[in-house]
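Novice: Provided below are the primary sequence and the corresponding predicted coordinates.
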Amino acid sequence: MSIVPDKLYELGGVPVGMAVLQPPEVRWVYSSTSAAPYLNLTKGNLDPAKLHATIAAAHTATTSGRNDTVFLTPETHTLTAAVAWSNSNTHLIGMNAPTFWPRSCHITHTSALSINNMFAVSGSNNYFANLHFEYAVGAQAANYTCLYNTGSGNVYENCWFEGPCDATQGDSTSFALVNVDGGGNLFRGCVFGSTSVKNTAAALLKLTGSAYRSTFENCIFYFQGDNATATMIDLTASAAYSGPQFFKSCQFVNWSDNWATNGNYLVRTTGGTPENGGLIFDTNCVVVGFTDISAGDTVAASPFFFGLQSTAAADGTYSGILTNAHKT
């Protein structure tokens, strides 16, 4: 059998004809042909066919399962339609420093655009890094979800999911900034939320369907709540999620005006059936501005564990929660 004569030869070579094992391709997405990122890219020997004006066009040009990588230039990329990332083992990386607040590689939409599920990931084993998603920047009532992940094994690292950014969404119980389905997804060093509007009912994270073994590591969840009904995690989907979700060294901060308004519960469970799973918070997690983790009546069969839980019912006292009584 012939062997591809390239760098991979050192690793034993790749049989010709097995396209899934061929070397991956790299592509770039720019926003403006007159801005520095595009001009700098065209100064080199890049194939012009590898440069794309939209994320959707770059995704279409990639091959699922080949570990192709798309780099996003450090500028604002304004979507005119939702992005459907259906490929697997296909990665989107912002050309930005790996920071918690990667504002340079900015993905957003116009205020007049109705764009529910702005970034929908149905593929699996993809890697997304150094991206700033800004969602719900206008009063479009149907704009409920920024990231809708139904694939499995996807990794999001150093991404900021900013929203809600309009009072219409902030007041809606239908709003869920990030909706996670599928299994084994990882969010590391990510930020969920915004303080650009006051949050009354919108959730930052929703777990639905077959969500199981999701891990949130060293993440920040924050908003400016102005009502006791403000919550961060929504489990009210009609179907029970399938397994436990893990939170490691995460911060949940309800930054209300002068810390004056606590949310009743960090987790909304009304109408949900979460007994098939559980939320596991390690002892390094911190909750600020909430009175309790959840209402106990819907989780008594499967309490959420937050550090050292009391021996009382599921709605008993939990360690690690800071309310107004703790402020100095």
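Specialist: On my side now, so go ahead. Owing to the predicted nature of the structure, the values given are computational and were not obtained by experimental measurement. Numbers count the residues shown, from 1 in each chain.
Novice: now do A129, the pLDDT please.
Specialist: On the pLDDT scale, A129 is placed at 97.
Novice: now it: how far from L205?
Specialist: Per Cβ to Cβ, to the nearest Å, A129 is found 19 Å from L205. Heads up, the C-betas are built off the backbone N, CA and C, glycines and all.
Novice: between the two, who's got more neighbours?
Specialist: Counted by other Cβ atoms under 10 Å, A129 and L205 do not tie: L205 has more neighbours, with 27 against 21.
Novice: what helix or strand is the most centrally placed residue in the chain on?
Specialist: Residue closest to the mean C-alpha point of the chain, counted by Cα atoms, centre = their mean, is V178 at 5.2 Å. Using DSSP states H and E, V178 sits in strand 176-180.
Novice: what mean pLDDT does that strand have?
Specialist: 96.
Novice: now it - C-alpha only, CSV.
Specialist: Provided in CSV are the C-alpha atoms of strand 176-180 (Å, rounded to 0.1, in the frame of the first residue of the first chain):
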residue,chain,number,x,y,z
ALA,A,176,-31.7,29.9,28.8
LEU,A,177,-28.4,31.4,27.7
VAL,A,178,-26.7,28.0,27.3
ASN,A,179,-28.8,24.8,26.8
VAL,A,180,-26.8,21.6,27.3
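Novice: C-terminal to it, what's the next element?
Specialist: Downstream of strand 176-180 (by DSSP H and E), the next one is strand 186-188.
Novice: that following strand - which strands sit beside it in the sheet, and in what orientation?
Specialist: Strands that pair with strand 186-188, judged by DSSP bridges, come out as strand 155-157 (parallel), strand 215-217 (parallel).
Novice: nearest to L46, of the ones you listed?
Specialist: Shortest distance between L46 and the strands paired with strand 186-188, using Cβ to Cβ, is found for strand 155-157: 25.5 Å.
Novice: right, and the helix or strand after the closest one?
Specialist: Scanning forward in sequence from strand 155-157 by DSSP H and E, the next helix or strand is strand 160-162.
Novice: can you pull the buried residues of that next one?
Specialist: For strand 160-162, a neighbour-count test (16 or more other Cβ atoms under 10 Å) marks 160-162 as buried.
Novice: other SSEs contacting it?
Specialist: With contacts taken as 3 or more Cβ pairs under 8 Å, 6 or more residues apart in numbering; DSSP states H and E, strand 160-162 sits against strand 132-134, strand 191-199.
Novice: same list (those strands) but as CSV, adding mean neighbour count and mean pLDDT.
Specialist: Shown next, in CSV, are those (neighbours: other Cβ atoms under 10 Å; pLDDT from 0 to 100):
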stretch, mean neighbour count, mean pLDDT
strand 132-134, 23, 97
strand 191-199, 22, 93
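Novice: dump those strands to CSV, plus distance to E75.
Specialist: Output for the helices and strands packed on strand 160-162, formatted as CSV (distance: least, Cβ to Cβ, whole Å):
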stretch, distance to E75
strand 132-134, 11
strand 191-199, 20
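Novice: S64 is nearest to which of those strands?
Specialist: Closest approach to S64 among these (Cβ to Cβ): strand 132-134, 22.3 Å.
Novice: show me what the closest one is packed against.
Specialist: Where contact means 3+ Cβ pairs under 8 Å, 6+ apart, strand 132-134 is packed against strand 106-109, strand 160-162.
Novice: possible to save those as JSON lines with mean pLDDT and distance to Y38?
Specialist: What follows is the helices and strands packed on strand 132-134, written out as JSON lines (pLDDT from 0 to 100; distance: least, Cβ to Cβ, whole Å):
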{"stretch": "strand 106-109", "mean pLDDT": "97", "distance to Y38": "15"}
{"stretch": "strand 160-162", "mean pLDDT": "97", "distance to Y38": "24"}
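Novice: Serialize these to CSV and add fields for distance to S122.
Specialist: Putting the helices and strands packed on strand 132-134 into CSV (distance: least, Cβ to Cβ, whole Å) gives the following:
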stretch, distance to S122
strand 106-109, 18
strand 160-162, 18
